[in-house]
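Trainee: Structure for the following, please:
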Amino acid sequence: RGIARADPGAEVLAAAPPAVLAGDEEGNAVLVAGPRGIPADVVARLRADGPFPVEVLEGPRLDFVLWGAC
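Mentor: The predicted model follows:
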């Protein structure tokens, strides 16, 4: 939410174990933001290099997680 307020046009993604992103477990997530988009190789590297298992949320799926409960 802070990133969205600071730069509403920024592209954002979150990567973490699925249970963390679902709120079922506590843990860490990697947040990536880019004012002019996020290069596709960054998403590929996050998926390939972990955390394991990893889920990458971006676009409408991330919007739902961030704003759906509000």
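Trainee: Okay, strands next: where are they in this structure?
Mentor: Defined through DSSP state E, the strands belonging to the chain, from first to last, are 11-16, 30-34, 55-58.
Trainee: Among those strands, which comes closest to Ala22?
Mentor: Shortest separation from Ala22 across the strands of the chain is recorded for strand 55-58, at 8.6 Å, computed as CB to CB. From N, CA and C alone the C-beta is placed, and that goes for glycine too.
Trainee: what does stretch 33-53 contact?
Mentor: Identification of contacts with stretch 33-53 by CB atoms under 8 Å, 6 or more residues apart in numbering yields 3, 7, 9-13, 15-18, 28, 30, 32, 54, 56, 58.
Trainee: How much space separates the most centrally placed residue in the chain from Glu25?
Mentor: Within the chain, the residue whose C-alpha comes closest to the C-alpha centroid is Ala14; the distance, by CA atoms, centre = their mean, is 1.3 Å. Plainly put, Ala14 is 15 Å away from Glu25 if you go by CB to CB, to the nearest Å.
Trainee: Please name the nearest non-neighbouring residue to Val54.
Mentor: Spatially, and ignoring its direct neighbours in sequence, Val54 is nearest to Ala15 (5.6 Å; CB to CB, 6 or more residues apart in numbering).
Trainee: In this structure that neighbour contacts Leu62, no?
Mentor: No: counting by CB atoms under 8 Å, no contact exists between Ala15 and Leu62, whose distance comes to 10.4 Å.
Trainee: returning to what we had before: on the strand side of things, show who the residue nearest to Val54 bridges to.
Mentor: Beta bridges link Ala15 to Val30, Val56, judged by DSSP bridges.
Trainee: Give me the mean pLDDT for stretch 44-51.
Mentor: The average pLDDT for stretch 44-51 rounds to 81.
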